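Novice: build me a structure from this.
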Amino acid sequence: HRPALGLVFLLALVTAGLQLIEPLFMRFIIDRVLLDATSAIAERLSRLHLAGAAFVVVILCSNLIGAVKDYRQRLLNVEVMLSLRRALFHRLLHLPLPRLWEMKTGGILSRLTGDVETTTGLLQMAIVSPAISVLRLLVAVVVLLLLNWRLALTAMAIIPGAMLMSFVFARRIRPIYRSLRKDAELIDGRVGETFSGIRVVRAFRRELLEVLDYMVGRHTVLRKEMFAQRRELVLWTSWSLLLAAVNVVIVWYGGYLNLTGGATIGDIMAFQWYTYLLLGPVWQIVNSFSELQRSLAAMERVFEVLGL
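Specialist: The predicted structure follows:
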């Protein structure tokens, strides 16, 4: 799957590059057209139409290439999923009987369905998204420094500490999802055994006990999920506050620089856009790391079988 992965990476890189160009059009239109009182109206209109047409072309190309990238990514995920399921099913067929009995029917089915699907998402979250996000982050930092180094340093001052806090916080979520997978496997295995021996269950009138055991297990899973969601909610809320704080700082400090002759209105507007393009990759890296915890928990269960 390396050629397909390389094509997806190339398309994602081109899309990211086009998106990083877009704020420069707005800066040009504001500073060189709208606020340029020294040029004639006809010349300013010509610049406006030329920049607007180029802006539209860049946006169309970015969205079209992004759509092709998404389709190729989905196709690659399907191919990887089929290959992984084939290898896992083949390995399960040749495992010793005691090992299969230990995993139970629910454990086997959960590995072939949910765990494989979650593991397939690891391709996007562990390779494509972080690599593109790092490149976008580096390019955005360079452009911000070239536009106005004072605003750039102000906007980036709080990012390293926030990223470190997010990574440390996200690492604590992975054991929760690993425990969730194990609990779900036990519940599914018990359900399979219950309905395969439904005659025995009804003969001994154990319907209420089976319902009670099932609901206790599901209630435990839900409580663990809510515990993980609360931790992730704190992380997401912190990033929302960070984005709002950076926007306020850019407008506040950018207004001060504009009044003192250190920045133009176009610089401030472009920085507002680049703030999203700067924090967006950072958030994608942190979010990919958070989602990666779920995929790694599933991947461990899949490759545990493949390694037997």
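Novice: drop to CA atoms for contacts and neighbour counts, all remaining ones
Specialist: Will do.
Novice: quick check: buried residues in the helix or strand hosting V191?
Specialist: Using DSSP states H and E, V191 falls within helix 174-196. Neighbour counts over helix 174-196 (16 or more other C-alpha atoms under 10 Å) mark 174, 176-178, 180-192, 194 as buried.
Novice: who are the packing partners of it?
Specialist: For helix 174-196, the packing partners by 3 or more C-alpha pairs under 8 Å, 6 or more residues apart in numbering; DSSP states H and E come out as helix 97-110, helix 207-259, helix 265-306.
Novice: what mean pLDDT does the helix or strand that that helix is followed by have?
Specialist: As assigned by DSSP H and E, the chain's next helix or strand after helix 174-196 is helix 198-203. Helix 198-203 shows a mean pLDDT of 82.
Novice: same deal with stretch 46-63?
Specialist: pLDDT averaged over stretch 46-63 gives 91.
Novice: residues making contact with it?
Specialist: Residues outside stretch 46-63 that contact it (C-alpha atoms under 8 Å, 6 or more residues apart in numbering): V14, T15, A16, L18, Q19, E22, F25, F28, I29, V33.
Novice: gap between the closest residue to the last one other than its chain neighbours and A203?
Specialist: Spelled out, that is V33. Excluding the flanking residues, the one nearest V33 by C-alpha to C-alpha, 6 or more residues apart in numbering is R44, at 5.3 Å. Computed as C-alpha to C-alpha, to the nearest Å, the R44 to A203 distance reads 88 Å.
Novice: so where is the stretch 51-200 of the chain shaky, pLDDT-wise?
Specialist: Applying pLDDT under 70 to the stretch 51-200 of the chain flags the ranges 104-107, 110, 114-128, 155, 158-159, 161-163, 165-171, 174.
Novice: could you redo the last one with a cut-off of 80?
Specialist: Counting by pLDDT under 80, the ranges of the stretch 51-200 of the chain that qualify are 77-78, 80-81, 84-85, 88, 90-179, 181-182, 184-186, 188-193, 195-196.
Novice: just the angle for the helix holding V191 relative to helix 207-259, thanks.
Specialist: 150 degrees (axes from the mean of the first three to the mean of the last three C-alpha atoms, to 10 degrees).
Novice: what number of residues lie near P160?
Specialist: For P160, the count of nearby residues is 11 (other C-alpha atoms under 10 Å).
Novice: check which helix or strand it maps to.
Specialist: If you go by DSSP H and E, P160 is part of helix 159-171.
Novice: same check on P130?
Specialist: Taking DSSP H and E as the criterion, P130 maps to helix 129-147.
Novice: other SSEs contacting that helix?
Specialist: Using 3+ C-alpha pairs under 8 Å, 6+ apart, helix 129-147 is in contact with helix 2-28, helix 149-156, helix 265-306.
Novice: and the first one, what's buried?
Specialist: Right, helix 2-28. Buried residues in helix 2-28 (16+ other C-alpha under 10 Å): 5, 8-9, 11-28.
Novice: returning to that earlier point: for the helix holding P130, give me every contacting residue.
Specialist: In contact with helix 129-147 (C-alpha under 8 Å, 6+ apart) are residues 9, 12-13, 16-17, 20, 151-153, 267, 271, 274, 277-278, 281-282, 284-285, 288.
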